[in-house]
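>>> No letters, just coordinates:
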């Protein structure tokens, strides 16, 4: 239990520490290549009623622990939209920070990184409809094989707004969230009142 709480705290610190790289005025890291991504994450596709959801998955369990793994879900920013199952890694330094921490500390964790299509938005706004429906289906897919008491939600920019909406619609799903929101245009996510999120950090 303490180990997983430590995992959460350090990953949050890593995510916040990488936030400065998200500003367009600063130098961005190079886009991930197919080879770089494929070497670490398995590519999968979930077909849902709302449309297909490409996603990547990595399972860390170096000690072959019998317990169900914790679940970490990461929602990428707007520049990662598409259907190639690669672009969601572009300019997302937090993914590398989370990955490295879990690997270095030999955590039993299932790490999911879905990709939002170009004509949608995680939370939804005046220009693009929400695509959180397929993400909820993804969570259901892994609900029985992961520790439901230790599911963590992360997001950056567009993904950060998706975190807010997900918390409003699924307040009892996650043990704790972390997000970074930086966007220039109006987004309907602000209609979701933070005070209405009824969740307990576990």
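Looks like it came in fine. What you are looking at is a predicted structure, and each value in this text was computed from that prediction instead of being measured. Residues are numbered from 1 along each chain as shown.

>>> Which stretches in the protein count as strands?
Secondary structure of the chain (DSSP state E): strands located at 42-48, 51-60, 70-75, 109-114, 151-156, 176-180.

>>> residue contacts, the spatially closest residue to residue 40 that is not a sequence neighbour?
Excluding its sequence neighbours, the residue lying closest to residue 40 (Cβ to Cβ, 6 or more residues apart in numbering) is residue 58, at 6.2 Å. Every C-beta, even on glycine, is put in place using the N, C-alpha and C of the backbone. Contacts for residue 58 (Cβ atoms under 8 Å, 6 or more residues apart in numbering) come out as 40, 41, 42, 99, 110, 111.

>>> Can I get those residues in CSV including pLDDT?
What follows is these, written out as CSV (pLDDT from 0 to 100):
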residue, pLDDT
40, 78
41, 88
42, 90
99, 86
110, 93
111, 93
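
>>> Please list only the buried members of the residues you listed.
The neighbour count (16 or more other Cβ atoms under 10 Å) marks 41, 99, 110, 111 as buried among these.

>>> biggest separation within those residues, which pair?
Maximum pairwise distance in the buried ones among the contacts of residue 58, criterion Cβ to Cβ, is 12.3 Å, between 99 and 110.

>>> follow-up on the earlier one: return the member of the strands of the chain having the minimum mean pLDDT.
Looking at these, the lowest mean pLDDT belongs to strand 176-180 (a mean of 66).

>>> Counting neighbours, what do you get for residue 54?
21 (other Cβ atoms under 10 Å).

>>> Is it correct that it is in contact with residue 80?
No. Applying Cβ atoms under 8 Å as the test, residue 54 and residue 80 come out as separate, 10.8 Å apart.

>>> that older thread, beta-bridge partners for the residue nearest to residue 40, please?
On the basis of DSSP bridges, residue 58 is bridged to residue 111.

>>> and if you look at residue 176?
Residue 176 has these beta-bridge partners by DSSP bridges: residue 152.

>>> cool, and residue 46?
Counting by DSSP bridges, residue 46 is bridged to residue 53.

>>> quick one, what contacts it?
52, 53, 55, 134, 137, 138, 141.

>>> In TSV, list the residues you listed along with neighbour count.
Formatted as TSV, the contacts of residue 46 follow (neighbours: other Cβ atoms under 10 Å):
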residue	neighbour count
52	13
53	23
55	22
134	23
137	15
138	19
141	16
